[in-house]
Each structure stands twice: as C-alpha cells, then as structure tokens.
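# Sequence and predicted structure below; questions after.
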Amino acid sequence: MRKLLGEIKASSLSAIEEAADPGALEAVRVAYLGKKGSLTSVLKQMGKLSAEERPVIGQLANEVRSAIEDAIAEKASQLSEALLELKLKSEKLDVTIPGKPVNTGKKHPMSIVLDEVVDIFTGMGYSVAEGPEVEFADYNFTKLNTSAGHPAREWQDTFYFTEDSSVLLRTQTSPVQIRVMETQRPPIRVISPGRVYRKDEVDATHSPMFHQVEGLVVDKGITMGDLKGTLNTLVKRLYGPDAQTRFRPHHFPFTEPSCEVDFQCFECRGQGCRVCKGEGWIEILGAGMVHPKVLEGCGIDTDVYSGFAFGVGLERLTMRRFNISDMRLLFENDMRFLGQF
Ligand code: PHE
C-alpha cells in the first residue's frame, strides 16, 4: 500500500504538471481526489490494515493528499496567470495609433450668410417671422395691391395649384408682410427668410426656386431715409465699409415710392462681365415705403403710421459674399465645392 501511494503521488504530480488548461487540471483532480478517484479508493481499503500499520499509512495518505492539493492550487494559479497574460496581450491598446477621422458636416454657404443677416437684423431689434411656401393668391397678390389681371399674376410666371388660381407656390416672401400686419400691431420690425418659386429658366443667376429675406418696419415717422440707412447698414456689415450700393427708382404694386438696390459687381468691380451681364452692377433687392392701401387693408392707421419693406435675394447675397459666379453651384450639392466654406 505504501508503494501504491508512492505511485499515486508520482503519477498525479506529473499529470498536474502536464495539465494545459483549467479543464484538464479539473479532470486530474477528479481522477485522483474525486469520489471514485484513485487516492480515494486506496483510503477506502484502510480498514483492511493492521492496527499498527493504519496510523502510519493514514499519515502517509494524508501527506499524499495535501501534496496533490497543493500542486493543483499552484498549477491553477499558474494557469490563470498565463490566461490573463494572454488576454492582456491580445487586447493590447495602442494609444499611439492615429484616430479614425470623423466626418462632420458644415454649414451651407447660404446658411452662413443667412445666419449673418439674421444676426445683423436681430441686433437692430428685429424678430424673425415665417410664412407658408404654399400660399393663397390673396396673400401673395391681392392684399399686396396686385389685383386680378396684373401681369405678375400670369400663369407663365407663377406655379398655381388650382384651376381658379387661388392657391400657389409663393413667388415672393412679401405675403409674410400681410400675415404679420394682420396679427401684430405697430411698432413692427421683422425679417422673414424663406423659399420662393417662379417659372424661371436655370442660368448663372436664375433658378425656379430661390430664397428671399423679407424685411418690414411699421412705426411712427418711418421714412425712406430709414430704409436707405438700414439697407446700407446691411450691405456694409456683410461686405465691409467700402461696399458700394446704388438705389434706382422702380415700381412695385405694394410700395410707393419703390426702388431697386444694386451692388457693384464682385466679379468685374463695375467693368461689366458675364456675371453682371455687362452692367457692372447686380440687382439684389426690391424695396419701398409700404403702400397706404396695403397698410389700411391690414387695419393700420396711415395718419399715424408709415413703414418700409424690402425683399433681398439670398443667393445673390451669398454669391457676392464668397465670390461665387454661378448660382447653380449653390444647388448642385457637390461636396468638393461646399466643403470650402
Ligand atoms: N417682393 C419683391 C420681389 O420679389 C421685392 C420687394 C419686397 C419689393 C418688399 C418691395 C418691398 O421682387
């Protein structure tokens, strides 16, 4: 029995030594120390021994058992250390690898300029109003003193939704003037940016969809001088103190007197080129003193109040701001172009 215990000790220790992973080690433990393990079955035969032999063999068996247990514990900690080592190696984080670039979006050049325009006007006490792009002819024309039969209402210029021409895609942001004056009392100071639609052919300076920023001021004692000062402030704040404007008399049904405002062509500096069609100047906005008929139609007393209004083209403001010579670039969504701003 002494010899058997010696063999068990030797073979178990070498089996433990060879165990390559926790599963194999557990199998070795079961094989020797388990209920049906070889050491266990030796211990079960202790009863057959003589009274002198029993304590001696018992002590020896206990020594063998604790030697096996110690070896298993030792091996287990070796194995888990090795496993951890392996895990650390495979999950190693190289903090020196350059990061993956994240593509962030950028503002569209027209959004950049619109934000600047909104800043300039809110700084002068204006608020921002909005109106629908699908509009009643009443608001787009009639209430703006543009009665039935006026050439601006022609089917060839306007996108109508209905046979009776009562609903349309707004051709200008001016209907927002009416919506504001019908719901607010003076003093009124608003701008209203948005899309407008006309049956225009696409070229370097035209598109059937474009953007305007409408402006409206109604208060006591408002004059054409206020209009001029306001628009010159806009242009100089956007383009710098040297920016040149030109005010020309014009006609709009809803302003009286009316004017158009041009700025000097940014491409040729007034010489005349393709962008300005040889004029040296580019029209950017229409404006004027709000027609008394329009004010009265909205219930505003023209003995007390007067006002000015303007509608400026956002595409043209943007083209001038960044020296873009073709409007189509603003709508083509070519990232190589848009990424530059
Ligand atoms: N709505 C006019 C246009 O689209 C511009 C304008 C606005 C003129 C306000 C006068 C007053 O041409």
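It's in. The shown structure was predicted, so the numbers you read here are calculated from the model rather than taken from an experiment.

# List the buried residues in the helix or strand of the chain with the lowest mean pLDDT.
For the chain, scoring each helix and strand by mean pLDDT, DSSP states H and E identifies helix 38-44 as the least confident one, at a mean of 80. Within helix 38-44, the residues scored as buried using 16 or more other Cβ atoms under 10 Å are 38-39, 42-43. From N, CA and C alone the C-beta is placed, and that goes for glycine too.

# go on, stretch 10-30?
12-13, 15-16, 19, 25, 28-29.

# Now render those as JSON lines, adding secondary structure, distance to residue 333 and pLDDT.
Output for the buried residues of stretch 10-30, formatted as JSON lines (DSSP: H, G, I helix; E, B strand; the rest coil; distance: Cβ to Cβ, whole Å; pLDDT from 0 to 100):
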{"residue": "12", "secondary structure": "helix", "distance to residue 333": "76", "pLDDT": "85"}
{"residue": "13", "secondary structure": "helix", "distance to residue 333": "75", "pLDDT": "79"}
{"residue": "15", "secondary structure": "helix", "distance to residue 333": "72", "pLDDT": "82"}
{"residue": "16", "secondary structure": "helix", "distance to residue 333": "70", "pLDDT": "84"}
{"residue": "19", "secondary structure": "coil", "distance to residue 333": "65", "pLDDT": "84"}
{"residue": "25", "secondary structure": "helix", "distance to residue 333": "64", "pLDDT": "83"}
{"residue": "28", "secondary structure": "helix", "distance to residue 333": "69", "pLDDT": "84"}
{"residue": "29", "secondary structure": "helix", "distance to residue 333": "69", "pLDDT": "86"}
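
# and these as CSV, adding distance to the ligand?
Shown next, in CSV, are the buried residues of stretch 10-30 (distance: Cβ to the nearest ligand atom, whole Å):
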residue, distance to the ligand
12, 98
13, 98
15, 94
16, 93
19, 88
25, 86
28, 92
29, 91
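
# returning to that earlier point: okay if I get the buried residues of helix 38-44 as TSV plus distance to the ligand?
Shown next, in TSV, are the buried residues of helix 38-44 (distance: Cβ to the nearest ligand atom, whole Å):
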residue	distance to the ligand
38	101
39	101
42	107
43	105
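
# wait, which of the residues you listed is closest to residue 299?
Distance to residue 299 across the buried residues of helix 38-44 (Cβ to Cβ) is lowest for residue 39, with 107.2 Å.

# how many neighbours does residue 317 have?
Residue neighbour count, defined by other Cβ atoms under 10 Å, stands at 24 for residue 317.

# Let me fix that, I meant to ask about residue 149.
7.

# next one: residue 93
That count, for residue 93 with other Cβ under 10 Å as the rule, works out to 6.

# switch to numbering from 316
Shifting the count to begin at 316 puts that one at residue 408.

# Which pLDDT value goes with it?
If you check residue 408, the pLDDT there is 85.
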